[in-house]
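Colleague: Next come a sequence and a model predicted from it.
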There are 2 protein chains.
Amino acid sequence: MSPLTNGSHRPDPLEHLSPREKEILPLVARGMDNREIGKTLFISEKTAKNYVTSIRKKLGLKNRTQIALFALKEGVVELEDS
Amino acid sequence: MSPLTNGSHRPDPLEHLSPREKEILPLVARGMDNREIGKTLFISEKTAKNYVTSIRKKLGLKNRTQIALFALKEGVVELEDS
DNA sequence: GAAGTTGCTTCATATCATGTACTACGAGTA
DNA sequence: TACTCGTAGTACATGATATGAAGCAACTTC
């Protein structure tokens, strides 16, 4: 098993995220802004904003760049060419 | 050699960054905002902002989260704790 | 079954941070 | 001289954050 995947010996830091928030997370982690996230998921930019805020609070982070870094550490997304 | 280090078979995407910009880059890549970067390097927030803008332009990126992702891909910084 | 509670999704307003586009100036240098 | 670099600034546009709240489903409890 990859060391970056959660091996159930450690509590999943993502467990408190709602399904919708788990959809938002990888988009933030790819460097998308709120407008792009909104377009991608067919919701308003405002709603996308709120999800990002909620994710950030639940994870105890200060800004969306830290969200991206967190997602990479947790293996939610890979480092890919964008 | 690590696949993330530049092996001179590919032009270094960081070669156009000034020494000071190369100092700023890893700080952005750790999720610091402009005020924190300014405090860390003993320069004004405005100057930090200018450096981030310059880096983003030179690398052809859209926002500071993409700068962070770029820095990780290039091996400028490691994925570390906070 | 009506009322209350809780969580999720959605959108909005107001404020703060970031991005964009410049100007400027001294030190160093090709 | 002309250039880059490092520094700092103004002004405005755009994006992000803080906070509130409406609508809905599921669930409990009376």
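Modeller: That came through, no problem. Just so we're clear, the structure is a prediction, and the values are computed from it rather than from any experiment.

Colleague: residues in chain A within reach of DNA strand C, list them.
Modeller: A:18-21, A:41, A:43-44, A:46-47, A:49-51, A:54, A:63 (C-beta under 7 Å from any atom of the strand). Glycine gets a C-beta too; all of them are placed from N, C-alpha and C.

Colleague: 10 Å instead?
Modeller: Residues of chain A lying close to DNA strand C (C-beta under 10 Å from any atom of the strand) are A:15-24, A:31, A:33, A:38, A:41-51, A:53-54, A:58, A:62-65.

Colleague: buried set for the longest helix seen in chain A?
Modeller: Counting residues, the longest helix in chain A under DSSP state H turns out to be helix A:45-59. Across helix A:45-59, burial judged by 16 or more other C-beta atoms under 10 Å in any protein chain shown covers A:T47, A:A48, A:Y51, A:V52, A:S54, A:I55, A:R56, A:L59.

Colleague: among the residues you listed, which two are most distant?
Modeller: A:T47 and A:L59 (18.8 Å; C-beta to C-beta).

Colleague: can you pull out the helices in chain A?
Modeller: With DSSP H as the criterion, chain A has helices spanning A:19-28, A:34-41, A:45-59, A:64-73.
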